[in-house]
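Asker: Dropping the sequence and predicted coords here.
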Amino acid sequence: MALSRQDVAHIAHLARLKVSDDEIDEYVAKLSSIIELVAQLQAADTQGVTPMAHPLDMAQRLRPDQVTESDQRESFQQNAPDVVDGLYRVPRVIE
């Protein structure tokens, strides 16, 4: 499927892109070649191919779920300009 100049102009309008008449022919050629490549990929036989999350056979190293830091909330909140019930108060930014 090849795109026409009108298709590219319409796509540019929808994307709110300013494309000059000189550039449209270049975009027609490039976008048409991308669409042809996608069509070739869709024609590939993928029966029996297991979908993969990652191309490399790797496993995530996991660590035990243990607390490693001490609770320093009180000392951090001493530096805050405004704290109420253990929460930081900030100025309203949305009216």
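Answerer: Received the coordinates, thanks.
Asker: From now on I want contacts and neighbour counts done on CA atoms only, so please keep to that.
Answerer: Will do.
Asker: what are the ranges of the strands in the protein?
Answerer: 83-84, 87-88 (DSSP state E).
Asker: would you turn those strands into TSV with mean pLDDT, mean neighbour count and distance to Ala44?
Answerer: Shown next, in TSV, are the strands of the chain (pLDDT from 0 to 100; neighbours: other Cα atoms under 10 Å; distance: least, Cα to Cα, whole Å):
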stretch	mean pLDDT	mean neighbour count	distance to Ala44
strand 83-84	93	10	61
strand 87-88	93	10	56
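Asker: Of these, which is nearest Gln40?
Answerer: strand 87-88 (55.9 Å; Cα to Cα).
Asker: ok now the closest one, how far from the chain's centre?
Answerer: 32 Å (Cα atoms, centre = their mean, to the nearest Å).
Asker: Make 139 the first number, not 1, from now on.
Answerer: Happy to do that; since the first residue is 139 now, the last one works out to strand 225-226.
Asker: strands paired with it, and their directions?
Answerer: Sheet pairing for strand 225-226, assigned by DSSP bridges, gives strand 221-222 (antiparallel).
Asker: Now tell me what touches the strand it pairs with from outside.
Answerer: Residues outside strand 221-222 that contact it (Cα atoms under 8 Å, 6 or more residues apart in numbering) are 215, 227.
Asker: Could you rerun that using 10 Å?
Answerer: Outside strand 221-222, the residues that touch it by Cα atoms under 10 Å, 6 or more residues apart in numbering are 215, 227-228.
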